[in-house]
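Make a model of this:
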Amino acid sequence: MRRKSLGNLGENLALKHLKNKGYKILDRNFRSKLGEIDVIAIDPSSTISGKDTLVFIEVKTRWSKKFGLPEEGITLWKIRRIIKTGQYYKLVHPELPDSLRLDAVVIDLSSQGKLKRIEIIKNLTS
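Numbering: from 1, shown residues only. Purely as a prediction, here's the structure:
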């Protein structure tokens, strides 16, 4: 499976899963000089003091264990980059919730592209 088509398939599966979990999708593939964020959403289920949480989400998809599990592909460098890009996004969108979080959606597919596992990992930190 080509890398770009694998990424698109993974992001589409992640969006569907996030919506089913109640996330409100705001943006997809946000790019700036600082980096890229796969999905930006609001998670109303994690309301703190009646306020929603703005979530920046990295999507990692694997169809083989040759390069490890999908979560192993989320490096410290990548986390820091997403945090900086997320801070910029929040600066540009001050009307969005002040509570911020970094999550990942990790996806394992079979070599035929069938879903084997999808999981949301909340609160990634550097």
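
how about the helices in this protein?
For the chain, the helices defined by DSSP state H occupy 3-20, 76-92.

State which strand of this protein is the longest.
As assigned by DSSP state E, the longest strand anywhere in the chain is strand 35-48.

okay, the helices of the chain in JSON lines with distance to Asn29, mean neighbour count and mean pLDDT next?
Backbone N, C-alpha and C define where each C-beta goes, glycine included. Shown next, in JSON lines, are the helices of the chain (distance: least, C-beta to C-beta, whole Å; neighbours: other C-beta atoms under 10 Å; pLDDT from 0 to 100):
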{"stretch": "helix 3-20", "distance to Asn29": "8", "mean neighbour count": "15", "mean pLDDT": "86"}
{"stretch": "helix 76-92", "distance to Asn29": "12", "mean neighbour count": "16", "mean pLDDT": "96"}
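
now the ones you listed as TSV including distance to Lys66?
Formatted as TSV, those follow (distance: least, C-beta to C-beta, whole Å):
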stretch	distance to Lys66
helix 3-20	13
helix 76-92	19
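
Just the pLDDT for Arg62.
Predicted confidence (pLDDT) for Arg62: 90.

For it, list the residues it contacts.
Shown in contact with Arg62 (C-beta atoms under 8 Å, 6 or more residues apart in numbering): Gly68, Leu69, Pro70, Gly73, Ile107, Asp108, Leu109.

ok so, going back, quick check: which of the helices of the chain is nearest to Leu124?
Taking C-beta to C-beta, helix 76-92 is the member of these nearest to Leu124, at 5.6 Å.

separation between the residue nearest to the spatial centre of the chain and Tyr88?
Nearest residue to the geometric centre of the chain (C-alpha atoms, centre = their mean): Ile57, 2.0 Å. Per C-beta to C-beta, to the nearest Å, Ile57 is found 16 Å from Tyr88.

One more: Ile79?
Distance from Ile79 to Tyr88, counting by C-beta to C-beta: 15 Å.

circling back: restrict the longest strand of the chain to CA atoms and write it as CSV.
Once non-C-alpha atoms are left out, strand 35-48 reads as follows in CSV (Å, rounded to 0.1, in the frame of the first residue of the first chain):
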residue,chain,number,x,y,z
GLY,A,35,4.4,21.9,11.2
GLU,A,36,1.2,19.9,10.5
ILE,A,37,-1.6,18.7,12.6
ASP,A,38,-3.7,15.8,11.2
VAL,A,39,-6.9,16.5,12.9
ILE,A,40,-8.1,19.4,15.2
ALA,A,41,-11.3,18.7,17.1
ILE,A,42,-13.3,19.6,20.2
ASP,A,43,-13.9,16.8,22.7
PRO,A,44,-17.0,17.7,24.6
SER,A,45,-16.8,14.5,26.7
SER,A,46,-13.8,15.9,28.6
THR,A,47,-15.5,19.1,29.7
ILE,A,48,-13.6,20.7,32.5
